[in-house]
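>>> sequence? don't have it. structure:
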């Protein structure tokens, strides 16, 4: 749909704001779908609530339904988490067999891509780095390279795998890190882009100690 069509359909400020509210609600619901999600039922609920109509479903039935769906979603999340954990374990086990990879006592894996001649940071240091982060399947979840701007942060203010690796690196070095979930975002994941139990892979370039 073109911009001109939008302007014709929603001509007033009030209409555009109303549409925006619906879009925001839709975006939220889209990111948390469950099987057989019924948009028409959502629309009916919105209309009844705004109009002050009596609910078409009793509180008892609503609570029961929410409980059933919540249980199904939890079971689905547990299955997905187990699969991710198993995939991560297999990836790390295979990666550890490569001669280029060093495995530390904590389980962190790193491969030296380039070695710099600078100092090593400490846990109390603040550093400037470039990085590219993916899941084992190659899906990118964050990248300072893509943004075109290095990141700056305290060494002890990031995930455990990074904190450990940075203190082993010298300024000017570039490493590939493979980080088990327990040294990353753990059982919960982070912000939707990193699922629970996710193994993370980073290219990390230590540019400077600030």
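Arrived safely, thanks for sending. None of these values were measured; they are calculated from a predicted model.
>>> contacts, neighbours, all on C-alpha from now
Fine.
>>> contacting residues around the closest residue to residue 121 other than its chain neighbours?
In this structure, residue 121 finds its nearest non-sequential neighbour in residue 167, 5.3 Å apart by Cα to Cα, 6 or more residues apart in numbering. With Cα atoms under 8 Å, 6 or more residues apart in numbering as the criterion, the residues that contact residue 167 are 120, 121, 122, 123, 155.
>>> among the residues you listed, which ones are in helices?
Among these, the subset assigned to helices under DSSP state H is empty.
>>> show me the chain divided up by domain.
By the assignment in automatic domain parsing, the chain contains the domains 3-56, 101-209.
>>> closest one of the contacts of residue 167 to residue 26?
residue 155 (38.7 Å; Cα to Cα).
>>> let me know the secondary structure of residue 18.
helix (DSSP: H, G, I helix; E, B strand; the rest coil).
>>> quick one: pLDDT of it?
Looking at residue 18, its pLDDT reads 89.
>>> go on, the one 4 residues further on?
Residue-level confidence at residue 22 comes out at 89, pLDDT.
>>> use 792 as the first number from now on
From this message on, residue numbering opens at 792, which makes the last subject residue 813.
>>> what about it, which helix or strand?
Secondary structure from DSSP states H and E places residue 813 in helix 804-821.
>>> residue 902 too?
Judged by DSSP H and E, residue 902 forms part of strand 900-905.
>>> could you pull out the buried residues of the longest helix along the chain?
The single longest helix within the chain, with elements called by DSSP H, is helix 850-887. Buried residues in helix 850-887, defined by neighbour count with 16 or more other Cα atoms under 10 Å: 864, 872, 875, 876, 878, 879, 880, 882, 883, 886, 887.
>>> equivalent analysis for stretch 921-936, please.
Applying 16+ other Cα under 10 Å to stretch 921-936 flags 921, 922, 923, 924, 925, 926, 927, 934 as buried.
>>> possible to save those residues as TSV with pLDDT, secondary structure and distance to residue 981?
Compiled in TSV, the buried residues of stretch 921-936 are given as follows (pLDDT from 0 to 100; DSSP: H, G, I helix; E, B strand; the rest coil; distance: Cα to Cα, whole Å):
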residue	pLDDT	secondary structure	distance to residue 981
921	97	strand	20
922	98	strand	17
923	97	strand	16
924	96	strand	13
925	95	strand	13
926	93	coil	13
927	92	coil	16
934	96	strand	15
